[in-house]
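Student: Have a look at this prediction, sequence included:
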Amino acid sequence: MSKGIFITMEGPDGSGKSTQIELLKSYLEEEGYDTLITREPGGTAISEAIRGIILNKDFTEMSPMTEMLLYASARAQLIAEVVGPTLEAGKAVISDRFVDSSLVYQGIARGLGIEKVYEVNRLAIGEYMPDVTFLLDLPAEVGISRKKDQKELDRMELESLEFHKKVAEGYREMGRRFPDRITTIDATLPIDEISGLIKESVRAILKV
Ligand code: TYD
């Protein structure tokens, strides 16, 4: 077990993770934790370069296996360079997406299977599983329409509604499978209510 605290934020595209991550960082800092935010795929120079390949909307021919291995590669580098050393230094890390994204998007929605994706990712992440994961649950239609208003869509966001429905349902399945680690929250609630639920749950871990 590392000395720090590792929290991950998960959910379909457009579920409001970034807002909640910022609010959680402020809370942890008030509680005295030096807190680092990171995002996946990305967070290091190499991982950001891999992100550029993965999300390039011209690469429509990318196979699910290639996609899964690229996400795992970006993750291995992030663990080696950032997450591992930060946790070992006793700090808090909040990651915008982590291994559950691969289990859901590649394992379930792309159909590679959760077990296979987990096996590869175990090599990439070693002992660094999150202490707690928040799943911001949102119907696929709502997430997609929120994203459309924001920016130009990337290769994953351009996937069909069918795909995004599998993602939303896949996340719910993960929440049911790992109830001790994953806390599911209704992402249609007001921002401050969601934040309150997250803080409540983090407070319980900080006291352990
Ligand atoms: P990003 O712009 O970071 O999306 P968001 O703002 O919704 O977090 O793009 C990351 C995309 O990559 C997103 O569609 C989810 C997908 N993804 C996977 O398919 N597998 C993974 O392992 C990760 C980390 C992300």
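Tutor: Yep, it's here. Numbers count the residues shown, from 1 in each chain.
Student: contacts and neighbour counts: CA atoms only from here.
Tutor: Will do.
Student: Going by residue numbers, what spans are helices in this structure?
Tutor: Using DSSP state H, the helices of the chain run over 17-30, 45-55, 64-78, 84-88, 99-101, 114-125, 140-150, 161-177, 191-207.
Student: in this structure, what spans have low per-residue confidence?
Tutor: Residues of the chain that meet the criterion pLDDT under 70 lie in 1, 207-208.
Student: Contact residues of it facing the ligand?
Tutor: Contact residues, the chain versus the ligand (Cα under 6 Å from any ligand atom): 13-14, 40-41, 71, 97-99, 101-102, 105-106, 156-157.
Student: Just flag the most distant two among those.
Tutor: The most widely separated members of those are Gly14 and Tyr71, with 19.4 Å between them, by Cα to Cα.
Student: Spatially, what comes nearest to Leu158 if we skip its sequence neighbours?
Tutor: Lys57 (8.0 Å; Cα to Cα, 6 or more residues apart in numbering).
Student: Contacts only, for Thr60.
Tutor: Listed by Cα atoms under 8 Å, 6 or more residues apart in numbering, the contact set of Thr60 reads Arg155.
Student: Look up how far Met156 lies from it.
Tutor: 10 Å (Cα to Cα, to the nearest Å).
Student: sorry, back to before: so how far is the ligand from the residue nearest to Leu158?
Tutor: According to Cα to the nearest ligand atom, to the nearest Å, Lys57 and the ligand sit 12 Å apart.
Student: So that residue sits against Glu159, correct?
Tutor: No: with contacts counted by Cα atoms under 8 Å, Lys57 stays clear of Glu159, the gap being 10.2 Å.
Student: The two: which is more packed in?
Tutor: Ranked by neighbour count (other Cα atoms under 10 Å), Lys57 and Glu159 place Lys57 first, with 15 against 12.
Student: and Arg51, what does it touch?
Tutor: 41-42, 71, 74.
Student: Over to Ile5?
Tutor: Taking Cα under 8 Å, 6+ apart, one finds 87, 90-93, 130-131 in contact with Ile5.
Student: Please apply the same query to Gly84.
Tutor: Residues in contact with Gly84 (Cα under 8 Å, 6+ apart) are Tyr128.
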